[in-house]
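Chemist: With the sequence up front, the predicted model follows.
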Amino acid sequence: MPIKIPDSLPATAVLESENIFVMTEYRAIHQDIRPLNILILNLMPTKEVTETQLLRKLSNTPLQIKVEFLQTSTYTPQHVDSQHMESFYTTFDKVKNRWFDGMIITGAPLADVAYEDVYYWDELCTIMDWAKVHVHSTLHICWGALAALYYHYGVPTVEYPEKLSGIYPNRVLKKSSPLFRGFDDVFQAPHSREVGVLEEDVRKVPGLELIADSEAGGPTILKTTDSKYFFALCHLEYDSDTLALEYQRDLEKGINPHIPCNYFPDDDPSKKPVVNWRSAGQLLFSNWLNYYVYQSTPYDIGGHVGK
């Protein structure tokens, strides 16, 4: 089944060129099923790239999904056309009285900023509070995951001696979890962050489960025991060239970054990376949608979430 998105969204043409089933709004309303309503709070500066990455992962399931994009109203993004934001993004005031089956909160390049000093921190906290009642299950990614762990549970963020950048092996710690159905015991995943959390801090919090980790970066994927919140500190949605673009960006900034680990063949940036995380990424998003959203969300979502 397809993913339902606006016909004019730039990601639509990209997804169709990849033979991904994208449904027009006209066709969707003539199907006698209720689509899953998914809200994406996109905090990444590369809005259109992130849109395509996430829509690609959400599309390959037997479910009909209606996706809406949310932006912060307290901060105006500097790296995207304002017309794009006006056309395809909504604000919290416009959705705060609605209910959603699922929500994704993305990462953001804010590792060097204290949470309380983030320009839109108060608004983000308001949205996360709202999601407790209005969203059935929320998936947080990278900085979004770290911010949520800090806000909801007081889990501190720790700084690494150097940036964790590359493709790293990750262990599945809870093989019985439906989130990992179809996963290998060890899966490869892109990591790109300067900070993380410690296992001992996670295990102090009742109701939090550590379900995957990596030797290089510690906790990789966590969830709450009630499956309302998921936290992925890796980037299984990344494209083949995302780390390469980040590496080039850091070079241009004069940061003198390390070559991403296990990424370029022979550690040669002139060589094209070989993707070895795509299948795990597809499984992660499909399993979250199926087992933690579709299988348990009420058919009449309004007013039932959070009760």
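Modeler: Structure's in. What do you need?

Chemist: Tell me where the model's unsure across the stretch 1-150 of the chain.
Modeler: Along the stretch 1-150 of the chain, the parts satisfying pLDDT under 70 run over 1-8, 11, 15-16, 18-33.

Chemist: now the strands: where do they sit in it?
Modeler: Using DSSP state E, counting those that start in this stretch, the strands of the stretch 1-150 of the chain run over 3-4, 22-23, 36-41, 65-70, 89-90, 100-105, 135-141.

Chemist: can you check the stretch 201-307 of the chain too?
Modeler: 208-214, 218-224, 229-232.

Chemist: between those, which gets nearest to Asn37?
Modeler: Closest to Asn37 of those, according to CB to CB: strand 229-232, at 17.5 Å. Placement of C-beta: from N, CA and C, glycine included.

Chemist: Okay, now the sheet partners of that closest one, with direction.
Modeler: strand 135-141 (parallel), strand 218-224 (antiparallel) (DSSP bridges).

Chemist: what's the average pLDDT for that strand?
Modeler: Strand 229-232 comes out with an average pLDDT of 98.

Chemist: Name the residues that touch that strand?
Modeler: For strand 229-232, contacts defined as CB atoms under 8 Å, 6 or more residues apart in numbering pick out 137-142, 145-146, 148-149, 152, 179, 220-224, 284, 288, 292.

Chemist: before we move on, the earlier item: how about the strands of the stretch 201-307 of the chain, which one is nearest Asn97?
Modeler: Comparing the strands of the stretch 201-307 of the chain by CB to CB, strand 229-232 comes nearest, at 22.0 Å.

Chemist: How far off centre is the closest one?
Modeler: From the chain centre to the centre of strand 229-232 is a distance of 9 Å (CA atoms, centre = their mean, to the nearest Å).

Chemist: got the CA coordinates for it in CSV?
Modeler: What follows is strand 229-232, C-alpha atoms only, in CSV (Å, rounded to 0.1, in the frame of the first residue of the first chain):
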residue,chain,number,x,y,z
TYR,A,229,8.1,6.3,23.1
PHE,A,230,11.0,5.0,21.0
PHE,A,231,14.5,6.6,20.9
ALA,A,232,16.9,5.8,18.0
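
Chemist: one step back: how about the strands of the stretch 201-307 of the chain, which one is nearest Lys47?
Modeler: Taking CB to CB, strand 229-232 is the member of the strands of the stretch 201-307 of the chain nearest to Lys47, at 19.6 Å.

Chemist: Buried by neighbour count: which residues of the closest one qualify?
Modeler: 229-232 (16 or more other CB atoms under 10 Å).

Chemist: Can you pick out the most distant pair from the residues you listed?
Modeler: Spanning the widest gap among the buried residues of strand 229-232 are Tyr229 and Ala232, at 10.9 Å by CB to CB.

Chemist: first vs last residue of stretch 168-180, how far apart are they?
Modeler: 17 Å (CA to CA, to the nearest Å).

Chemist: ditto for stretch 127-144
Modeler: Stretch 127-144: ends 12 Å apart by CA to CA.

Chemist: ok, longest strand in the protein?
Modeler: In the chain, taking DSSP state E as the definition, the longest strand is strand 158-172.

Chemist: Who are the packing partners of the helix or strand that it is followed by?
Modeler: Next along the chain after strand 158-172, taking DSSP states H and E as the criterion, comes strand 186-196. Other elements packing on strand 186-196 under the criterion 3 or more CB pairs under 8 Å, 6 or more residues apart in numbering; DSSP states H and E are helix 143-153, strand 158-172, strand 208-214, strand 218-224, helix 242-252, helix 278-287.

Chemist: Tell me how far His134 lies from Ile301.
Modeler: Distance, His134 to Ile301, by CB to CB, to the nearest Å: 9 Å.

Chemist: Give me the common contacts of these two.
Modeler: 99-100.

Chemist: could the helices and strands packed on strand 186-196 go into JSON lines alongside mean neighbour count?
Modeler: Shown next, in JSON lines, are these (neighbours: other CB atoms under 10 Å):
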{"stretch": "helix 143-153", "mean neighbour count": "22"}
{"stretch": "strand 158-172", "mean neighbour count": "17"}
{"stretch": "strand 208-214", "mean neighbour count": "20"}
{"stretch": "strand 218-224", "mean neighbour count": "24"}
{"stretch": "helix 242-252", "mean neighbour count": "16"}
{"stretch": "helix 278-287", "mean neighbour count": "20"}
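
Chemist: Is it possible to get those out as a markdown table so that each row also shows distance to Val113?
Modeler: Shown next, in a markdown table, are these (distance: least, CB to CB, whole Å):
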| stretch | distance to Val113 |
| --- | --- |
| helix 143-153 | 10 |
| strand 158-172 | 12 |
| strand 208-214 | 24 |
| strand 218-224 | 21 |
| helix 242-252 | 17 |
| helix 278-287 | 27 |
